[in-house]
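starting from these lines, generate the structure:
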Amino acid sequence: MTTPPPECPAHASGAAGVRRLYDPEAEADPMGVYDKLRAEHGAVAPVLLHDDLPAWLVLGYRENLEVLRTPSRFSSDSRRWSVFQRGELKPEHPLAPTISWQPLVVFADGEDQKRLRGAVSRGMGRFNRHGIRRHVTRVSNQLIDEFAAAGNADLVPQFAEQLPLLVMTNLLGLPEEEGPRLAEACRDLMKGTETSGASYVHILESLTRLVAEKHTDSGHDLASWLIDDAAGFSDDEVIQHLRLVLVAANETTANLIAGMVKLVLTDPRFRGNLSGGHMTLPDGLEQVLWDEPPLWVMPARYATGPMELGGQRIEEGDMLLMGLAAGNTDPAIRPDLATPMHGNRSHLAFGGGPHECPGQDIGRAIAETGIDVLLARLPDLRLTAEPDDLARIPAWTSHHLAELPVEFTPRRPREGEDTGVSARPAPREVIPQPLPQAEPQPSAATVPQPAATSMPPVRPPRRSLWSALTSWLRR
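This next block holds a predicted model:
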């Protein structure tokens, strides 16, 4: 690699128009900051990260796709970052645990990326959608049974945050009885509590034990399929990719469920279209993925050489951040934000190119089925707080709901169920294979869409998602 160039003057602290993504304004009103950056710089804007480290935030829809789909020009290998090469990334920096290179598919390029991605994709592709949906239905009912008789609940911690984890522990191959404890550990870790370190150890020990057991007791689960895959994964590669899948599936799917339920509870027209059969839940989920993607900013790509992008001069080793939420509201492709996007899958929520999320169909199945069960069991759900007052988790990578307090007519649990029993996933069924291939996404043509909602005031209820993710990845 060539000697990295000095810092770009456009990124200098105090330079005209440069903004810090981690300051209170950016975390409280990210869409407002994206609009200002777009007005000042166009489709690609200079920004500063913690300790004023420089990066480019890609705001344009087409520019995001160009970066995501061209790995020869925009590498995923963080060792190419000029800041890293100059020795300016301190070990204690909050970005270090997440940005520092690891032997994972998300950091890989070329043949190595194909090998790792191929194994993960083949494993995810062997799950049967109908089997997953049956399992999600059972777990959803069990979770609802725990609060149905009370007539009130907070659907973020009591439903949205639990459902994906309880389902994914089953799909990964973990025993039924470990699901609730592992789900609790994952939630604790993501919240960044004082016990998150112990939770991380529990998760890693559980996955290490799982991989060891699957060498002698193989099953119809992702752990077994990664071990047996022709890619020849080492045990450590299997463990780390199971960890990656668990984190990605939980965080993105929990946020998708919360966002979709909020939309149903706060938009009478939307709920009317659902109940009247004019729109399906899958259509509505795509609307949420356009308006509030699970990650608003996705790190990171690194320029493999000097180039121009969106009118900006990009130097070799520069970091580019994918502005997924900004790209989804790019006026160049969505001049009228009031036009619905029901069913349109050409959003950026799952990334794109060779690193596009391989588990997006599983995430959709969990969210669609779980919400369908929730609305069927509790059809008179009512939000008990003003939508603009709902607490969110502010961070420069995301802006997600921390609460959804609701009330409803109390209902008895299903026959034979006991509200005092903690939710347990149903015993793991043998999930047949293979899955049908997902339909190709629509082309990235000019697209209109619904009005962007103004961001509500933020009350940081707990440590930021980014800080929690760095704790998760710290070895």
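
pLDDT of stretch 218-235, averaged?
Average pLDDT, stretch 218-235: 95.

which residues sit against that stretch?
115-116, 118-120, 122-124, 126, 170-173, 207, 210-212, 214-215, 237-238, 241-242, 245, 428, 430-433 (CB atoms under 8 Å, 6 or more residues apart in numbering). Any C-beta I mention is one placed from the backbone N, CA and C, and that applies to glycine too.

and the gap between the residue nearest to residue 178 when sequence neighbours are not counted and residue 189?
Nearest residue to residue 178, sequence neighbours excluded (CB to CB, 6 or more residues apart in numbering): residue 206, at 6.2 Å. Here the distance between residue 206 and residue 189 works out to 12 Å (CB to CB, to the nearest Å).

quick check, central residue of the protein?
residue 252 (2.9 Å; CA atoms, centre = their mean).

do you know the pLDDT at the nearest residue to it once chain neighbours are set aside?
Closest residue to residue 252 apart from its sequence neighbours, by CB to CB, 6+ apart: residue 294 at 3.6 Å. With respect to pLDDT, residue 294 has a value of 87.

check residue 8 too.
According to the prediction, residue 8 has pLDDT 60.

quick check: residue 150 touching residue 408?
No - the pair residue 150 / residue 408 is not scored as a contact, 9.3 Å apart, by CB atoms under 8 Å.

in PyMOL, select just the buried ones from the contacts of stretch 218-235.
A single PyMOL command selects the buried members of these (16 or more other CB atoms under 10 Å):
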select buried, resi 115+116+119+120+122+123+124+126+170+171+172+173+207+210+211+214+237+238+241+242+245+428+431
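
spit out the contact partners of the residue nearest to residue 178.
174, 178, 182.

residue 150 and residue 408: which has the busier surroundings?
When residue 150 and residue 408 are compared for neighbours, residue 408 comes out ahead with 17 against 13, by other CB atoms under 10 Å.

ends of stretch 171-187, what's the gap?
18 Å (CA to CA, to the nearest Å).

buried set for that stretch?
Residues of stretch 171-187 classed as buried: 171-175, 178-180, 182-183, 185-187 (neighbour count, 16+ other CB under 10 Å).

stretch 225-242 too?
In stretch 225-242, counting by 16+ other CB under 10 Å, buried: 225, 226, 227, 229, 231, 233, 237, 238, 239, 240, 241, 242.

now render those as JSON lines, adding secondary structure.
Shown next, in JSON lines, are the buried residues of stretch 225-242 (DSSP: H, G, I helix; E, B strand; the rest coil):
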{"residue": "225", "secondary structure": "helix"}
{"residue": "226", "secondary structure": "helix"}
{"residue": "227", "secondary structure": "helix"}
{"residue": "229", "secondary structure": "coil"}
{"residue": "231", "secondary structure": "coil"}
{"residue": "233", "secondary structure": "coil"}
{"residue": "237", "secondary structure": "helix"}
{"residue": "238", "secondary structure": "helix"}
{"residue": "239", "secondary structure": "helix"}
{"residue": "240", "secondary structure": "helix"}
{"residue": "241", "secondary structure": "helix"}
{"residue": "242", "secondary structure": "helix"}
